[in-house]
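> Kindly return the folded structure for what I paste below:
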Amino acid sequence: MADTPKATGRPAHQNVTFDSDGTPAHGYLALPPAGSGPGVIVIQEWWGLTDHIADVADRLAAEGFVALAPDLYGGNVAHDSAEAFRMMRELPVDRGVELLSGAVDHLLALPEVTSRTVGAVGFCMGGGFVLYLAAKDPRVSAAVPFYGVIQGEVPDFSQLKAEIQGHYGERDETIPVATLDGLRATIERRSGIRPDFRTYPADHAFFNDGRPEVHDPESSARAWSATTEFLRATIK
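Numbering: from 1, shown residues only. So this is what the prediction gives:
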């Protein structure tokens, strides 16, 4: 993950509150123009629930999905990489998965959601949480990690039900593409599901158009088109 400072200019986006494991949780909900559609969870980078993540939810809504981005940091947004690293480390993986499963509960209970399962799309830290959530929650049928960072032990994929389409930069020093073969083999061996990992001539965080120093418009467009097509085909 790059050490470039990240100033957001505003606090975390929040427009919805929901129950998660008996405690209040918050997030950003975006509805499609038609008012209803399949559900997708959007999982933040290590910076927090930033403008970029809210924009991804809005873009998914424009594509016809009901998108919910849970706020894993309780309203806090990092302004530099040191703060982001600290906040990521202070969020235990198990607690993050609990919050995300609560978000799945909330999303599937919404009358606007037409699907029985959900998709999960996440970036950096959130890409890792996509895999942790999909490994634990069978209601996730489509998992899309963008340059997902797995913290600690690899998830137990033995109960995985989701199809996986991942997007990674070939110049990403945080997640070297050489490591993807091992992750793919582990997932397939434990679950029988073979992930579709795609690589692009780009850096870590290439999809984040709020960071011009790493954003790659062409790779982002290709990854976005593949993602929306995959979600439409896989969420039931």
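> what's near enough to touch the closest residue to Lys136 other than its chain neighbours?
Of all residues not flanking Lys136 in the chain, Val97 sits nearest, at 5.7 Å (Cβ to Cβ, 6 or more residues apart in numbering). Any C-beta I mention is one placed from the backbone N, CA and C, and that applies to glycine too. Listed by Cβ atoms under 8 Å, 6 or more residues apart in numbering, the contact set of Val97 reads Phe129, Tyr132, Leu133, Lys136, Asp137.
> For the lowest-mean-pLDDT helix or strand in the chain, which residues meet the burial criterion?
When the helices and strands of the chain are scored by mean pLDDT, DSSP states H and E, strand 16-20 comes last with a mean of 86. Going by neighbour count (16 or more other Cβ atoms under 10 Å), the buried part of strand 16-20 is Val16, Phe18, Ser20.
> out of these, who's nearest His106?
Nearest to His106 among the buried residues of strand 16-20 is Phe18, at 3.8 Å by Cβ to Cβ.
> State the distance from that closest one to Met87.
Counting by Cβ to Cβ, to the nearest Å, the gap from Phe18 to Met87 is 21 Å.
> got it, and Glu153?
For Glu153, the distance to Met87 - Cβ to Cβ - is 21 Å.
> Those two - which one has more neighbours?
Neighbour totals were compared for Glu153 and Met87, and Met87 leads with 19 against 8 (other Cβ atoms under 10 Å).
> check contacts around that one.
So Met87 contacts Trp46, Gly48, Tyr73, Asn76, Ala78 (Cβ under 8 Å, 6+ apart).
> again, but for Pro195
Contacts of Pro195 (Cβ under 8 Å, 6+ apart): Ile164, Gln165, Gly166, Leu183, Arg184, Ile187, Glu188.
> just Cys124 next, same as before
Neighbouring residues of Cys124 by Cβ under 8 Å, 6+ apart: Met1, Glu45, Trp46, Phe146, Tyr147, Gly148, Val149, His204, Ala205.
> ditto for Tyr168
Shown in contact with Tyr168 (Cβ under 8 Å, 6+ apart): Phe146, Tyr147, Ile175, Val177, Leu180, Phe197, Arg198, Thr199, Tyr200.
> Thanks a lot, catch you later.
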